[in-house]
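In: using only what follows, build the 3D model:
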Amino acid sequence: MFDASTDGPSFEAFWDRSLRDGWTRRSDPAVAALHFDVSQVPSSVPATSRALGTLVLIGYPTVALLDGRQAFNPWLLELPDPVTKVTWESGASVSPATARVLGVSDGDLIRIAPARDAEWASKATADDLTVEVPIVVQPGQHDDVIAVPIGYGQRATQRFAGIGPRWLGADTSDRARVGANIAPLLARARPGEGVAPTPVRVTVVGRRRELARTQDHSWLQASGRDAWGTEASGALIRFAEAGTAPRPTQSETEPGGPDLWPDERQQLGPRWGMAIDLDACTGCSACVVACQVENNTPVVGRDEVRRHREMHWLRIDRYYLERPSGVAVAHQPMTCHQCGHAPCETVCPVLATTRSSDGLNQQIYSRCVGTRYCMNNCPFKVRRFNWFDYAHDERMENLVLNPDVTVRSRGVAEKCTFCVQRIQDARLAARLRGEEPADGDIVPACAQTCAASAITFGDLNDPHSRVRARTGDGRAYTLLEGLNLQPAITYLAMQRRDRSPDDDVDGN
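Out: Residues are numbered from 1 along each chain as shown. The predicted structure follows:
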């Protein structure tokens, strides 16, 4: 950290100044981005070599662990990869065509070793340096490339390798560390090239290891879509041309017919809502971690994720779309929609899920008896059930818990609350000032963390709020409109900007 050329002649002076100021400024030199020219891969590894098991290994940093510097953090180990949706694992991604040639599918174990004709690998090292990883079939990937994330298999992950309810008798013999370390296979990259593409030999082990994935459905069907990719009204993700005319706001539209429920547009208080711009969302998943940290959501471990018992209140759904130019990717944040006609409220036998005066769907933990009827009746599948008491026995571990949010016990259903603790704090602070919270005073954790400003939060009953303006955008739509759920979350469709119909929907 200390640099005599910039921080002064002596370390003591630099240290005293840093302690006095409480901070120190560092100006690290800019690092040029590495570019991988995929067109060069076929010349180095012919396509016919896939049948012989020879591929080009690419080690890439994930958004969670980067180069492994965050491997000590279980929040990030359980964070689903934005594309593969794999957690607690360093899977080897191959294209569907390569998977067919090798005769493997998701979860099949393969052994990766240096190619025998590699310049830097002798026969001894080629035999000794082997890594076993499970296969992840990745649409859109180059057929001659095998991609494995770096940063896994570190000693820092040993304490988390068996995290979760081990009393279920699950086998933990293969979990001394989380993932596999492929650094030795890439250690001989030439200076200046960073992690260079490396020829490797791939063999099928003949065993399987089930992947801990948070999403099994992946493809958007092409039926009912015109040349621009615009979908029918029931689609989860929609695409619109830039310059779409604004639609009437809620105050300008008439109710669709008789209703047994009160119209929340006419209530005197606020109705909190959210608008999510799918065109801005990159799928980075920072909002997922922010929600987990803010709301004391537990880490459940690999075994529970395999059982689809992950506890994230917010998830990022990833969808593939087959287009003539290749496979396109679209991301969609999904959380509790705080429905005006919430189907979860009508089925709870103990009134554990109720409606608040400001339009929030509340979950009263002390009433919940764990029937999970609400989870069955939720069309968005955003409710979570706490199967176990995830104890925090370490004193230092308890310091990360948010004291403003209840730590839930086993046997209760839970979900997103729009960070109700932040809403209450802002309203109390405004009340002390003798006024109402201004638009923008309340920012949930997900919106605060989103680097792309894709999430807007505010009062839907305020005609001057930013979220109200976004609901009148020409790209605005709500999910499952035919069910008349009246959700408080509005999505803005992905835009087409004067491109040919063959261009990717995500702008790449």
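
In: can you give me the strands in the stretch 251-400 of the chain?
Out: Listed from the start of the chain, the stretch 251-400 of the chain has strands (DSSP state E, counting those that start in this stretch) covering 272-277, 315-323, 326-334, 353-355, 361-363, 384-385.

In: the second one vs strand 326-334, what angle?
Out: Translated: strand 315-323. Going by axes from the mean of the first three to the mean of the last three Cα atoms, to 10 degrees, strand 315-323 is angled at 160 degrees with respect to strand 326-334.

In: so which elements touch strand 315-323?
Out: Counting contacts by 3 or more Cβ pairs under 8 Å, 6 or more residues apart in numbering; DSSP states H and E, strand 315-323 is packed against helix 286-294, strand 326-334. Heads up, the C-betas are built off the backbone N, CA and C, glycines and all.

In: hmm, back to that, so which of the strands of the stretch 251-400 of the chain is nearest Pro149?
Out: Nearest to Pro149 among those is strand 315-323 (16.2 Å), distances taken as Cβ to Cβ.

In: show me how far that closest one is from its chain's centre.
Out: Relative to its chain's centre, strand 315-323 lies at 12 Å (Cα atoms, centre = their mean, to the nearest Å).

In: okay, the helices and strands packed on strand 315-323, which one's buried deepest?
Out: Across the helices and strands packed on strand 315-323, the average number of neighbours (mean count of other Cβ atoms under 10 Å) peaks for helix 286-294, which reaches a mean of 21.

In: just the residues contacting it, thanks.
Out: Contacting residues not belonging to helix 286-294 are listed as 75-76, 79-80, 297, 312-316, 333, 335, 400, 402, 405, 416, 419, 444-451, 455 [Cβ atoms under 8 Å, 6 or more residues apart in numbering].

In: show me the strands in the stretch 101-250 of the chain, by range?
Out: Using DSSP E, counting those that start in this stretch, strands in the stretch 101-250 of the chain cover 108-114, 131-137, 145-149, 198-208, 212-213, 239-241.

In: by contact count, what packs against the shortest one?
Out: To tie it back to what came earlier, the one meant is strand 212-213. strand 86-87, helix 302-306.

In: again with the third one
Out: In terms of contacts (3+ Cβ pairs under 8 Å, 6+ apart), strand 145-149 is packed against strand 54-60, strand 92-94.

In: low-confidence stretches in the stretch 201-350 of the chain?
Out: Applying pLDDT under 70 to the stretch 201-350 of the chain picks out residues 221-235, 241-268.

In: go on, the chain?
Out: Applying pLDDT under 70 to the chain flags residues 1-9, 26-53, 116-128, 161-175, 187-196, 221-235, 241-268, 393-394, 496-508.

In: count of neighbours near Asn398?
Out: 11 (other Cβ atoms under 10 Å).

In: buried subset of the contacts of helix 286-294?
Out: 76, 79-80, 297, 312-316, 333, 335, 405, 416, 419, 444-447, 449-450, 455 (16 or more other Cβ atoms under 10 Å).

In: looking at these, which are in helices?
Out: When the buried ones among the contacts of helix 286-294 are checked against helices (DSSP state H), the matches are Leu76, Ala445, Cys446, Ala447, Thr449.

In: and Leu428, what are its phi and psi?
Out: phi -70, psi -40 (degrees, to the nearest 10).

In: wait, Lys85
Out: Dihedral pair for Lys85: phi 60, psi 30, per degrees, to the nearest 10.

In: Arg427 and Ser357, how far apart?
Out: Distance, Arg427 to Ser357, by Cβ to Cβ, to the nearest Å: 12 Å.

In: please read the previous query as pertaining to Arg309.
Out: Distance of Arg309 to Ser357, computed by Cβ to Cβ: 33 Å.

In: more neighbours: which of these two?
Out: Arg309 (17 against 10).

In: quick one: the more buried one and Val300 touch, right?
Out: Yes. Between Arg309 and Val300 there is a contact under Cβ atoms under 8 Å: 6.0 Å.

In: could you list the domains of the chain?
Out: Here the domain parsing of the chain from automatic domain parsing is 41-213, 239-253+261-496.

In: same list (the ones you listed) but as CSV, adding distance to Arg17.
Out: Converted to CSV, the domains of the chain look like this (distance: least, Cβ to Cβ, whole Å):
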stretch, distance to Arg17
domain 41-213, 27
domain 239-253+261-496, 29
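
In: tell me which of those domains lies nearest to Leu19.
Out: domain 239-253+261-496 (23.3 Å).

In: so what's the gap between the closest one and the chain middle?
Out: Relative to its chain's centre, domain 239-253+261-496 lies at 14 Å (Cα atoms, centre = their mean).

In: tabulate the helices and strands packed on strand 145-149 in TSV, adding columns for mean neighbour count.
Out: Listed next are the helices and strands packed on strand 145-149 as TSV, based on neighbours: other Cβ atoms under 10 Å:
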stretch	mean neighbour count
strand 54-60	22
strand 92-94	26
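
In: to Arg466, which of those lies closest?
Out: Shortest distance between Arg466 and the helices and strands packed on strand 145-149, using Cβ to Cβ, is found for strand 54-60: 36.3 Å.

In: what angle do the closest one and strand 198-208 make?
Out: Going by the same axes, to 10 degrees, strand 54-60 makes 90 degrees with strand 198-208.

In: note down every partner strand of strand 54-60 and its orientation.
Out: Strand 54-60 has the following sheet partners, assigned by DSSP bridges: strand 145-149 (parallel), strand 198-208 (antiparallel).

In: distance from the first one to the middle of the chain?
Out: The chain centre lies 20 Å from the centre of strand 145-149; the measure is Cα atoms, centre = their mean.

In: and what of the longest one?
Out: Counting by Cα atoms, centre = their mean, strand 198-208 is centred 28 Å from the centre of its parent chain.

In: what are the buried residues along that strand?
Out: Going by neighbour count (16+ other Cβ under 10 Å), the buried part of strand 198-208 is Thr198, Pro199, Val200, Arg201, Val202.

In: identify the bridge partners of the fourth one.
Out: The residues listed as beta-bridge partners of Arg201 by DSSP bridges are Thr54, Ala113.

In: report the secondary structure state of Phe14.
Out: helix (DSSP: H, G, I helix; E, B strand; the rest coil).

In: would you mind measuring from the closest residue to Pro197 other than its chain neighbours to Thr297?
Out: Spatial nearest neighbour of Pro197, chain neighbours left out: Val56 (4.7 Å); criterion: Cβ to Cβ, 6 or more residues apart in numbering. In this view, Val56 and Thr297 are 39 Å apart by Cβ to Cβ.

In: ok but Ala469 is inside a helix, no?
Out: Yes. According to three-state DSSP, Ala469 belongs to a helix.
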